[in-house]
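1. okay, sequence plus prediction incoming.
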Amino acid sequence: MTAFQDEVVSHVPTLRAFARSLTRDAARADDLVQDTLVKAFSNAEKFQQGTNMRAWLFTILRNLFYSDRRKAVRESEDPEGTLAAGLSVKPDHDGRLQYAEFQTAFAELSDEQREALTLIGALGMSYDEAAKMCGVATGTMKSRVGRARKELAERMQLDDAGVIAENEFATTGAASWSV
Amino acid sequence: MSDRGKSTQSPLGENLRSAYSDTVDEGVPAEFQELIDRNLKQAFDDTVSEGVPDRFADLIAQLSEKTKNAGTQ
């Protein structure tokens, strides 16, 4: 095995997780990872040893995802999201969100929001790194994450879930809550 | 987290960063952010730790073979 090959192998689990957060579908995610690997190997000479391979592979993956989406765009795009109006999720007694419901709410976010939250929230990437990868300004990435968290909180009705008092919540910016 | 803020930035990126720095996550208290991120990490890590189907090992072996045969450029 070459060093390149070794390193690609080590990133496959993370690629699968990233693909799943974008596609919301395990089978589609693995197909996307497969396409990413094919492309990575055919462009292997463009990868510079010592640079961030995870970022390089993520970039290939997301480019494939978004170019597929552009092809399929018109039929399904719903910018407001098909939000299930009645979704109401309470945290358990220890404040933990109910996992399945969290997944549902997450799946209802836009592609860009899921991507931003995955890069920043799940992977702990810096805003700069995530912004560069997505080809947007750092500020755009920040507000994307902010809006995504806000929508998640809203969809899961965290405000009346008793995690913190409602009046305390109001003082932290709930005035701009409903956009 | 550890690499947050240490990556290289263009002057443009830096300007935008400061221009937006106080609009981040407006309206979502830290407790919720933490709750959300914890769940995000869990979902992500669940997939990561699932283990990788054999098809990927096979594919990578196949791709490496092909690359080798094509010769180094």
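-> Looks like it arrived, so ask away. What you are looking at is a predicted structure, and each value in this text was computed from that prediction instead of being measured. Numbering: from 1, shown residues only, chains lettered A, B, ... in the order given.

2. pLDDT weak spots in chain A?
-> A:1, A:73-98, A:158-179 (pLDDT under 70).

3. show me the domain layout of it.
-> A:1-70, A:85-179 (automatic domain parsing).

4. of all the ones you listed, which lies closest to residue B:55?
-> Residue B:55 lies closest to domain A:1-70 among these, at 7.4 Å (C-beta to C-beta). Yep, even glycine has a C-beta here, placed from its N, CA and C like the rest.

5. does chain B have contacts with that closest one?
-> Yes - judged by C-beta under 8 Å from any C-beta of the partner chain, domain A:1-70 comes into contact with chain B at A:1-2, A:5, A:8-9, A:12-14, A:16-17, A:20-21, A:30, A:33-34, A:37-38, A:41, A:44-45.

6. before we move on, back to that, got JSON lines for the domains of chain A, with mean neighbour count too?
-> Output for the domains of chain A, formatted as JSON lines (neighbours: other C-beta atoms under 10 Å in any protein chain shown):
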{"stretch": "domain A:1-70", "mean neighbour count": "17"}
{"stretch": "domain A:85-179", "mean neighbour count": "18"}
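
7. quick check: buried residues in the helix or strand harbouring residue B:58?
-> Assessed by DSSP states H and E, residue B:58 sits inside helix B:54-70. Neighbour-count burial for helix B:54-70 flags B:56, B:59, B:60, B:63, B:64, B:67 (criterion: 16 or more other C-beta atoms under 10 Å in any protein chain shown).

8. may I ask which two of those residues are separated the most?
-> The widest separation within these (C-beta to C-beta) is 16.1 Å, between B:56 and B:67.
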